[in-house]
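[1] sequence plus the predicted model coming up.
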Amino acid sequence: MKSIKVIIAATLLILVSCERSAKKNNDKKITKINNEQANKSVDMVAIRRLIEEQKDVETEENEPEKPYKLSENDFAICRDIIAEGLKESGYKFISEEDFNKKLFIIFKITPYANCDMVSSKSSHITLFGKAMDGSKNTRLQNQYDLYNYTENLFIVQSEKFLTQTFLVKDLVKINGNSINIILPKFIIARNKYLFNDSKTALSWLIKNDKEFLRRLVSNFGYDKEEMVNQLVLEDVYEEYSNPNHNMTEKIVEIFFKKNCEGKLQIQEGLLNFVSRHTSKDDDRYIYSLGNYLDYLFKDDKDLIFNEPPMKNFSIEEKAKIVAFVANVESQAFYRFKPLNRSSTWRNATTSLYYISASHPEILEIIKKNDYYHLSDLKDVIEGLQFKNEH
């Protein structure tokens, strides 16, 4: 869709009162723009009309007789407002090449990705949040509904930023002939961190937007930031180690999943984090990884997983998962088991030993694939300790 151009009736002035308001408000970024400053203007008449129409958007607090359905047009207007607000906030719009690299590193997708939970258009990519009734058609029909209902995110390819659906009234404030763009702080922080590599923005997100960071790791497979990996792994582990439902192996769902193309995606950044943070007194993640491998070869009778590992992966994919877990687990086991305390390193031997004994074909696939170029794993399998186990 073509960008919506805005014509502002009068030159907008930046007022001292607005500057003071911006300093007092920690959750919003307030920007005042004028004709000369803006790449895209905001059509004051269109904005006023849309604000009025959107009063009939259905929410938990508002149930109008004739609800107003948010559309791509609503999204496009908000998109242009957000783009201008980001620019005025100091966000730097990166090159096409860098942006495409970021798409793959952060979201594991290409600019043309299209699968069950991703839909691409020339102007933007929709990252669907909730599965709704399981039908992609339903998700498409409701993709511009409010975030509270869909949890959809949008990657705007033309101007290279990430956003979600907003009501116009939540982005602008009109004072006579002037307009203030008021962006939520989280939109600025997300974009500055993801696309401008801002550590200041990351610090803000860690304190104020943990659920988004968790979604980056759990849903999209982002694993390049040590602090985010730690935050998410500790949070998810605590959730699943609750005494009422101790199923810590469920945490491993975020280590191994299928990407948009249906291929196995291994979160090596998370595995490396586990390797670095395992000790003689802490085998939490190693223990969870080992338990998970068991479910690659047996039914999920307790319905622990969203997608049963035994059914979700082919035998070749299972072998690769076993290899990457063993590469982390075996070295730690041989190093720390002799130093074990009663509360750690309770298993008698490695998960690789159990699996290679009951499923010798897995070991053969690993060897056939040259140990997936995991030199440490090759040393383990060819070493005396592993041979002595057998």
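    That came through fine.
[2] isn't residue 363 up against residue 381?
    Yes: counting by CB atoms under 8 Å, residue 363 touches residue 381, with 7.3 Å between them. The C-beta positions use only the backbone N, C-alpha and C, and glycine is treated the same way.
[3] tell me where the stretch 251-390 of the chain has helices.
    268-277, 284-294, 309-312, 315-336, 351-358, 360-368, 375-382, 384-389 (DSSP state H, counting those that start in this stretch).
[4] of all the ones you listed, which lies closest to residue 188?
    helix 268-277 (25.4 Å; CB to CB).
[5] need the contact partners of that closest one.
    Helix 268-277 is contacted from outside by 217, 223-224, 226, 229-230, 233, 254-255, 285-286, 289, 324-325, 327-328, 331-332, using CB atoms under 8 Å, 6 or more residues apart in numbering.
[6] list the buried residues in it.
    For helix 268-277, a neighbour-count test (16 or more other CB atoms under 10 Å) marks 269, 270, 271, 273, 274, 275 as buried.
[7] what would those residues look like in TSV with pLDDT and distance to residue 99?
    Listed next are the buried residues of helix 268-277 as TSV, based on pLDDT from 0 to 100; distance: CB to CB, whole Å:
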residue	pLDDT	distance to residue 99
269	97	21
270	98	25
271	98	27
273	97	27
274	97	31
275	96	31
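[8] what's the local residue count around residue 186?
    Using other CB atoms under 10 Å, residue 186 has 16 neighbouring residues.
[9] find the nearest non-adjacent residue to it, please.
    residue 209 (5.0 Å; CB to CB, 6 or more residues apart in numbering).
[10] tally of neighbours for that neighbour?
    18.
[11] what sits against it?
    186, 189, 190.
[12] helices - which of those land there?
    Among those, the ones falling in helices (DSSP state H) are 186, 189, 190.
[13] pick the one among those residues closest to residue 376.
    For the ones in helices among the contacts of residue 209, the nearest to residue 376 is residue 190 (35.9 Å; CB to CB).
[14] quick check, the closest one in contact with residue 208.
    No: when contacts are counted by CB under 8 Å, residue 190 is not listed as touching residue 208 (10.7 Å).
[15] quick one, what contacts residue 190?
    162, 201, 205, 209, 212.
[16] what's the answer for residue 147, then?
    129, 164, 165, 166.
[17] quick revisit: between the contacts of residue 190, which has the most around it?
    That'd be residue 205 among those, by other CB under 10 Å, with 24 neighbours.
[18] a strand runs through that one, doesn't it?
    No: assessed with DSSP: H, G, I helix; E, B strand; the rest coil, residue 205 is helix; it does not lie in a strand.
[19] please convert the buried residues of helix 268-277 to TSV, extending it with distance to residue 261.
    Listed next are the buried residues of helix 268-277 as TSV, based on distance: CB to CB, whole Å:
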residue	distance to residue 261
269	20
270	20
271	21
273	25
274	26
275	27
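[20] residue 160 against residue 100, yeah?
    No: the criterion here is CB under 8 Å, and residue 160 misses it with residue 100 at 9.5 Å.
[21] neighbour count for the two, which is higher?
    Set residue 160 next to residue 100 and count neighbours by other CB under 10 Å: residue 160 wins out with 22 against 16.
[22] state the pLDDT value of that one.
    Note for residue 160: predicted pLDDT of 96.
[23] ok now stretch 298-317, how far from the chain's centre?
    From the chain centre to the centre of stretch 298-317 is a distance of 23 Å (CA atoms, centre = their mean, to the nearest Å).
[24] and it, end to end?
    15 Å (CA to CA, to the nearest Å).
[25] and if you look at stretch 166-178?
    21 Å.
[26] ok, now stretch 274-283?
    So stretch 274-283: terminal residues 9 Å apart, CA to CA.
[27] likewise for stretch 117-132?
    11 Å.
[28] buried sites along that stretch?
    Here stretch 117-132 shows 117, 118, 119, 120, 123, 124, 125, 126, 127, 128, 129, 132 as buried, counting by 16+ other CB under 10 Å.
[29] max pairwise distance over those residues: which two?
    That would be 123 and 132, which, of those, are the farthest apart (CB to CB) at 22.8 Å.
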